[in-house]
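[1] Generate coordinates for the sequence data below:
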Amino acid sequence: MEIAEINAISELALRFESLRMQTAATNIAFANQLSSSPETVYKPLSVKIDGLEKVNLGIASFDSFVEQMQSVLKVEIVENHNVKPVHDPESPLADESGFVYKPDINMVDEMLTLNTATRAYEANIRAFNTAIEMSRKAREIGK
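    Purely as a prediction, here's the structure:
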């Protein structure tokens, strides 16, 4: 496997994990946002990847593997429309029933997503750096 191939795989993984970190951080930032109606409350985001089962790992050439990964994998950000009504008649945002609305965000899940995405991102950086170092050592040996 050449350095360009390793770079392409690492780039795909880094983009995906970066997107997961950004959505988790955004959800954490808006977790306590209150709204006067369920329609206007922040909608939590999640990253969804489809098509992984369609990837053929037995492809002979790496170029066709990368093309397949880019054409088959569909990464999208989806909104969760679940809302938590909170009874707080004293709030200035309360509706006529005394409810305010907040996004249905599980902070434990978001922190876990943020942590695992960070670790995966770091692992891909290490793989990338290791490939570069191996390439550098191979050039030194070849001199």
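
[2] and residue 85, what helix or strand is that in?
    Taking DSSP states H and E as the criterion, the element that holds residue 85 is strand 83-87.

[3] And the strands in this protein?
    Defined through DSSP state E, the strands belonging to the chain, from first to last, are 45-50, 74-79, 83-87, 99-103.

[4] Adjacent strands (with direction) for the third one?
    The one in question is strand 83-87. Strand partners for strand 83-87, identified by DSSP bridges, are recorded as strand 99-103 (antiparallel).

[5] ok, which stretches of this protein are helices?
    Secondary structure of the chain, counting by DSSP state H: helices at 3-29, 62-72, 107-142.

[6] Figure out which of the ones you listed is closest to residue 43.
    Closest approach to residue 43 among the helices of the chain is made by helix 3-29 (9.7 Å; C-beta to C-beta). C-beta here means a position set from N, CA and C on the backbone, and glycine is covered the same way.

[7] tell me the most buried of the strands of the chain?
    Comparing the strands of the chain by mean neighbour count (mean count of other C-beta atoms under 10 Å), strand 99-103 comes out on top with a mean of 21.

[8] contact partners of it?
    The set of residues that contact strand 99-103 without belonging to it, under C-beta atoms under 8 Å, 6 or more residues apart in numbering, is 27, 30-38, 41-44, 80, 82-88, 91, 93-94.

[9] if you set the cut-off to 6 Å instead, what comes out?
    With contacts defined as C-beta atoms under 6 Å, 6 or more residues apart in numbering, strand 99-103 is touched by 34-35, 38, 41-42, 44, 83-88, 91, 93-94.

[10] nearest to residue 128, of the residues you listed?
    The closest of the contacts of strand 99-103, once distances to residue 128 are taken by C-beta to C-beta, is residue 44, at 30.9 Å.

[11] Please state the backbone phi and psi of the nearest residue to that closest one once chain neighbours are set aside?
    In space, and not counting its chain neighbours, residue 44 is closest to residue 80: 4.4 Å by C-beta to C-beta, 6 or more residues apart in numbering. Here the main-chain torsion angles of residue 80 (degrees, to the nearest 10) amount to phi -100, psi 120.

[12] No further queries at this time; thank you.
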